[in-house]
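1. Okay, here's the prediction I keep looking at, along with the sequence it came from:
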Amino acid sequence: MSDTTEHTLLACFDESVQGVALFDSQDVMLYANSAFRSMLAVPVVDSLTWEGLMRNCHAKRKGLIIADDDIGAWLSRVQRKRRAASVRTFESDLFDGRWLWVVESTHADGHVMVVATDITELKTTERTLRQARDTALVHANTDSLTGLFNRRYALDWLPKEIQAARLGHRSLCVGLIDLDDFKEVNDTHGHQMGDHVLKHLADKMRCHMRPADTISRIGGDEFLIIFPDTSLADASCALSRVRQAIAHADVTVELAGVKYSFSAGIAELSHEDTSKSLLQRADTVLYAAKRGGRGLNMM
Ligand SMILES: Nc1nc2c(ncn2[C@@H]2O[C@H](COP(=O)(O)OP(=O)(O)OP(=O)(O)O)[C@@H](O)[C@H]2O)c(=O)[nH]1
C-alpha cells in the first residue's frame, strides 16, 4: 500500500461514523478513530490498554456501561472471552444512551480490531415494537370495559388450569355469574349506568377474590371465575363475599341508587371432566339458581 493510500485510509477511518480501534497482542491501544474515542470516552494517556480503558469507563461512569460493581471480577470474566474466538460480536450500551453493535476480530498475531456501530435507532424501534406487541397482547386478552380477562383468554386458560390441577392432584372449581334482570337496569337507568354496574361488579370481584383466581367477563352480563386449588364450599364463600360487598355497597354514592344482584353456578372438576363438560355443569346450576329465585349460588 502506498503512503498516499495509507494516509487516505486513515483519514477515512477517522471521519467514519463507525468506531474503529486497534489493540496489539498486549492489549495496548495502537489506534482509535474519533468516533471510537467519543463512544468509549477514551482518555488521553500514553500506552492506554484495553483494561485501562474499561477501568476508566467504570470509574468515571462514561463510555461503556459496565453493570458490575466489582470491576476486577468483570474484567477477568470478559478477558476469558476476548481472544477466545477469532470473531466476537455483542451489543453494548453507553452511559450517554447510545447502543453499539461491536465486532471484535482477533488476528493471528494477537492484534485485536474493534469496530463499533451505533444501533441506537434500531434499538429504539425494537423497543417500540416490543411495547406495541405487549400492548396488543394485553388488549387481545382483556375486556375493555371492565379490565378483566376476556372470553378468549378464559377459555384458553381453563384447560391449562385443569391440567395443572390434575398433575398436582388438586381440586379446581369454576363459577359462572350472570347478572339478574340486567336488561331492566339498562332499560330503566340507561346503558351507561349498565356499564357502570358491570365495572362495579368487576371491582368487587377483584377485591374479594384471590390473585390466583382468574376472573373474566365472557359475555354481556356473564362472568367466569376459575378457582384453582379450591373446594366447592370455598368457591361459594368467595362468591358470597362478593355478594355481601355488593349488598353493603353505598349504592347512593357508588351506583347512583341503582341496586343489582347476580346468580352464580359453581361446579367442581371431576375425573371425567373436560373444560366443556365442567362449564356445562356450572351453566346448568346457574340456571337452576335463576329459576330458584335469583341472587343465589348453586352448585
Ligand atoms: N350496559 C351494558 N349492557 C350490556 C352489555 N352487554 C350486554 N348488555 C345487556 O345485558 C342484558 C342481558 O339481558 P338478558 O340476557 O336478557 O338477561 P337479564 O335481563 O339479566 O335477565 P336474567 O339473566 O334472566 O336475570 C341485555 O339487555 C344486553 O343488552 C354491555 O356491555 N353494557
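-> Yep, it's here.
2. and the residue most central in space within the chain, how far is that from Gly97?
-> Nearest to the geometric centre of the chain sits Asp134, at 6.7 Å (CA atoms, centre = their mean). Using CB to CB, to the nearest Å, Asp134 is found at 22 Å from Gly97. Backbone N, C-alpha and C define where each C-beta goes, glycine included.
3. which residues are contacting stretch 128-146?
-> Counting by CB atoms under 8 Å, 6 or more residues apart in numbering, the neighbours of stretch 128-146 from elsewhere in the structure are Leu148, Phe149, Asn150, Arg152, Tyr153, Asp195, Leu198, Lys199, Leu201, Ala202, Ser216, Arg217.
4. Kindly report the residues of the chain close to the ligand.
-> On the criterion CB under 6 Å from any ligand atom, the ligand has as its neighbours in the chain the residues 145, 178-183, 186, 191, 194-195, 198, 220-221, 290.
5. circling back to that earlier point, hang on, the residue nearest to the centre of the chain in a strand?
-> No. Secondary structure of Asp134, determined by DSSP: H, G, I helix; E, B strand; the rest coil: helix, with no strand assignment.
6. ok, so what distance separates it from Thr128?
-> Noted for Asp134: a distance of 11 Å to Thr128, by CB to CB.
7. Ok, Asp181 next?
-> 47 Å.
8. which of these two has more neighbours?
-> Taking neighbours as other CB atoms under 10 Å, Asp181 and Thr128 compare with Asp181 leading, 14 against 10.
9. In contact with that one: list those residues for me.
-> Contacts for Asp181 (CB under 8 Å, 6+ apart) come out as Arg294.
10. Next one: it from Met298, what distance?
-> Distance check for Asp181 against Met298: by CB to CB, it reads 17 Å.
11. just Leu122 next, same as before
-> As defined by CB to CB, Leu122 lies at a distance of 58 Å from Met298.
12. More neighbours: which of these two?
-> Under the criterion of other CB under 10 Å, the comparison of Leu122 against Met298 puts Met298 first, with 19 against 12.
13. For the more buried one, what are phi and psi?
-> Dihedral angles phi and psi of Met298 (degrees, to the nearest 10) take the values phi -130, psi 150.
14. Tell me the bridge partners for it.
-> According to DSSP bridges, the partner residues bridging Met298 are Gly265.
15. Angles on the backbone of the residue in the stretch 1-150 of the chain that the ligand sits nearest to, please.
-> Of the residues in the stretch 1-150 of the chain, the one nearest the ligand is Leu145, at a distance of 5.6 Å by CB to the nearest ligand atom. Main-chain dihedrals, Leu145, degrees, to the nearest 10: phi -70, psi -50.
16. Just the ones in helices from the contacts of stretch 128-146, please.
-> Secondary structure defined by DSSP state H assigns Arg152, Tyr153, Asp195, Leu198, Lys199, Leu201, Ala202 of the contacts of stretch 128-146 to helices.
17. Looking at the residues you listed, which is nearest His107?
-> Closest approach to His107 among the ones in helices among the contacts of stretch 128-146 (CB to CB): Tyr153, at 55.0 Å.
18. show me the residues around that closest one that make contact.
-> When contacts are counted by CB under 8 Å, 6+ apart, Tyr153 is found next to Ala140, Asn141, Thr142, Ser216.
19. now it: how far from the ligand?
-> 17 Å (CB to the nearest ligand atom, to the nearest Å).
20. And Ile226, by the same measure?
-> From Ile226 across to the ligand, the span is 21 Å (CB to the nearest ligand atom).
21. Count residues in the vicinity of the residue nearest to that residue when sequence neighbours are not counted, would you?
-> In space, not counting the residues next to it along the chain, Ile226 is nearest to Thr214; the distance is 4.2 Å by CB to CB, 6 or more residues apart in numbering. By the other CB under 10 Å criterion, the neighbourhood of Thr214 contains 20 residues.
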